[in-house]
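[1] Coordinates for the following, if possible.
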Amino acid sequence: MKRPVIAVTADSLVESSEYINENFADFAPRDLKEVILKAGGLPVILPFPEETELVEEVAREMVKLFDGLIIPGGFDVSPTFYGEEPERAMGRTSYQRDTYELALFKAAKEAGKSIFGICRGLQLINVALGGTLYQDLAVQNKESFIQHSQVSYGAFPTHHVKIMENSSLYGLFGEQAYVNSRHHQAIKMLAPELMVTARAVDNVIEGVTTADEQVTAVQWHPENMWRNDKKQFQLFAEFICKCQK
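    Residues are numbered from 1 along each chain as shown. Here you go, the predicted structure:
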């Protein structure tokens, strides 16, 4: 069976690389590339244009080249895209990447392509569909009490999430999943088009989907856990299966 092409949006270094001696080298997570291949997909990396006026045109053309889109983790989403100014506790942002991913998400969704968000990807999807974010959980959400930005090795699970019974995640994980956690931002106001599929014990949203499941996302990093957790691998296998259809 032909492998579906799975696009992964790239990040960009903000300092010079010692290997190619160039600023702003584009990159994507190695673990994500490997799990896409293992699950039967063909990964391609999409760098963002530096000139933001090109993003709409590039996104429309790029979406013709792939079967599914994964928006991975990375820097904070700029609050300008949900009508706020940056709080002092907010982290680094990349306006160019935000602009491109928002345009690419819109083009892929309109084209009927399956979309999967990871960590920052979940947050960007929520913003793209009209939601807002906590710029920093510790400052803005006093009800959040667990460690969402873990100190442990990033591939290790550190906290549990409750899975909603009416979600596809429930069929995979059951009532709860044990996940890793590397974020300080989270969904504040859920976008109207999204439904919650998972929550942490402090009620922070950890998974979302659209009603037709064209768009799904999780707040943890399954790409770092799949080698030791078959259920995390199955997340990618099921996504790639959807892309084949």
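[2] rest of the way, CA atoms for contacts and neighbours
    Noted.
[3] Helices along this protein, start to end?
    Taking DSSP state H as the test, the helices found in the chain are 30-38, 55-62, 95-110, 120-128, 137-140, 168-173, 230-244.
[4] who touches Ala39 in this structure?
    Taking Cα atoms under 8 Å, 6 or more residues apart in numbering, we find Ala39 in contact with Phe233, Phe236, Ala237, Ile240.
[5] How about the backbone phi and psi for the closest residue to Asn126 other than its chain neighbours?
    Distance criterion Cα to Cα, 6 or more residues apart in numbering; nearest residue to Asn126, sequence neighbours excluded, is Ala191 at 5.5 Å. Ala191 adopts backbone torsions of phi -60, psi 140, taken as degrees, to the nearest 10.
[6] how much space between Ala191 and Leu169?
    Computed as Cα to Cα, to the nearest Å, the Ala191 to Leu169 distance reads 19 Å.
[7] related to what we said a few turns ago, which pLDDT value goes with the residue nearest to Asn126?
    In this prediction, Ala191 carries a pLDDT score of 98.
[8] How many residues are close by it?
    Neighbourhood size, Ala191 [other Cα atoms under 10 Å]: 18.
[9] That one touches Leu124, doesn't it?
    No: applying Cα atoms under 8 Å as the test, Ala191 and Leu124 come out as separate, 10.8 Å apart.
[10] Which residue is the nearest non-sequential neighbour of Lys188?
    Leu133 (4.5 Å).
[11] can you pull the contacts of the closest residue to Asp98 other than its chain neighbours?
    Distances taken as Cα to Cα, 6+ apart place Val77 nearest to Asp98, at 6.5 Å, with adjacent residues excluded. By Cα under 8 Å, 6+ apart, the contact set of Val77 is Thr93, Ser94, Tyr95, Asp98, Arg120, Gln123, Leu124.
[12] Look up how far Leu129 lies from the residue nearest to Asn126.
    Ala191 is 6 Å from Leu129, by Cα to Cα.
[13] which one of the contacts of Ala39 is nearest Glu110?
    Nearest to Glu110 out of the contacts of Ala39 is Ile240 (Cα to Cα; 18.8 Å).
[14] Need the nearest residue in space to the closest one, chain neighbours excluded.
    Nearest one to Ile240, counting by Cα to Cα, 6+ apart, is Gly41 at 6.2 Å.
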